[in-house]
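J.: after the sequence you'll find the predicted model.
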Amino acid sequence: MEIKTYLRILRKRGWIILLAALIAGAAAFGFSKMQDPTYRARILVSVVPARADWGLGNSLKDLLRNYQTNLLTHRMANKVIDRSQLDMNSYEFLEEIEVNPEPDRFVMEIVAKDRDPQTAIVIVQTMAQIFVDEREAWNQLQDKRDRIDISIVDDARDAPQWKPNPKMNALAGLILGALAGALIIFALEWLESGVLRDTEDVEKALGTSVLGTIPPA
């Protein structure tokens, strides 16, 4: 299709794209506002070897995944629930928790998502403290040279809103709405592809020149 044809289609049906984009964007924004917000708190736990030893450091990087597995257990969930007096069971608790080992930085990231920002903060702070306490107890049974120093990098202080994000959802709605509008236009043009609109269409269809036209009444 020529540029002239595209411009003609946009002039004639461009409003469909705009209308579909506005409707989808407004719907996405309104739906986001109706949802209950979820808040996200995070805390970092430093996990470093007691001495600067290459072998011990590499072993510790592998241990971080083991720590992740042990943190995401019902045993740990029940410990945090009991200490913090949370009104949930271990299944609900584990649905809100995320543990991410970062071997390059020798840290464990603990993340909690909850509809109450204070609860999210309490969860990550309590879990981090229990993890530190358990590792410290383990250290007491080890030679000082083989110990692993565990400490909270910084206390959890806030829990910003994680979702929904009305602005981002509205933008996504605008884009999807515009694409839907473009598909509608494509379908309409396909249905009318056999219609001869002007002299150029007639000449292309018949392969001959148009000598004259009958003006509309």
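T.: Arrived safely.
J.: and stretch 135-155, what's buried?
T.: 135, 139, 147-148, 150, 152 (16 or more other Cβ atoms under 10 Å). Glycine gets a C-beta too; all of them are placed from N, C-alpha and C.
J.: need the max-distance pair from the residues you listed.
T.: In those, two members sit farther apart than any others by Cβ to Cβ. They are Arg147 and Ile152, at 17.1 Å.
J.: how distant is the longest strand along the chain from the center of its chain?
T.: With secondary structure taken from DSSP state E, the chain has its longest strand at strand 38-49. Centroid separation for strand 38-49 versus its chain: 19 Å, with Cα atoms, centre = their mean, to the nearest Å.
J.: run the chain-centre distance for the helix or strand just after that strand.
T.: For strand 38-49, the succeeding helix or strand toward the C-terminus, using DSSP states H and E, is helix 54-71. Taking Cα atoms, centre = their mean, one finds helix 54-71 lying 27 Å from the centre of the chain it belongs to.
J.: for helix 54-71, packing partners?
T.: In terms of contact count using 3 or more Cβ pairs under 8 Å, 6 or more residues apart in numbering; DSSP states H and E, helix 54-71 is assigned the packing partners strand 38-49, strand 97-102, strand 107-114, helix 117-139.
J.: average model confidence for the shortest one?
T.: Confidence over strand 97-102, taken as the mean pLDDT, stands at 93.
J.: got the domain boundaries for this protein?
T.: Structural domains of the chain, as assigned by automatic domain parsing, span the residue ranges 3-34+174-206, 38-163.
J.: what's the end-to-end length of the last one?
T.: Looking back up the chat, that one is domain 38-163. 5 Å (Cα to Cα, to the nearest Å).
J.: what's the answer for stretch 142-150, then?
T.: As for stretch 142-150, its first-to-last residue distance stands at 14 Å under the measure Cα to Cα.
J.: and the lengthiest helix in the chain, which residues are buried?
T.: Taking residue count as the measure and DSSP state H as the definition, the longest helix of the chain comes out as helix 3-34. Of the residues in helix 3-34, those with enough neighbours to count as buried (16+ other Cβ under 10 Å) are 13, 16-17, 20-21, 24-25, 28-29, 32.
J.: same question, stretch 79-95
T.: Along stretch 79-95, the positions that meet the burial threshold by neighbour count (16+ other Cβ under 10 Å) are 79-81, 84, 86, 88, 90, 93-94.
J.: among the buried residues of helix 3-34, which one lies nearest to Ile110?
T.: Of all the buried residues of helix 3-34, the one with the least separation from Ile110 (Cβ to Cβ) is Ser32, at 27.3 Å.
J.: for that closest one, give me its contacts.
T.: Contact analysis of Ser32 by Cβ atoms under 8 Å, 6 or more residues apart in numbering lists 164-166, 169-170.
J.: quick one, which of the residues you listed are buried?
T.: Of the members of the contacts of Ser32, the ones counted as buried by neighbours, 16+ other Cβ under 10 Å, are 164, 169-170.
J.: so which of the residues you listed are in helices?
T.: Those of the buried ones among the contacts of Ser32 lying in helices (DSSP H): 169-170.
J.: identify, from the buried ones among the contacts of Ser32, the entry nearest to Lys61.
T.: Of all those, the one with the least separation from Lys61 (Cβ to Cβ) is Pro164, at 36.3 Å.
J.: the closest residue to the closest one other than its chain neighbours and Gln161: what is the separation?
T.: Here the nearest residue to Pro164 in space, its sequence neighbours aside, is Ser32; by Cβ to Cβ, 6 or more residues apart in numbering that works out to 4.0 Å. Between Ser32 and Gln161 the distance, using Cβ to Cβ, to the nearest Å, works out to 11 Å.
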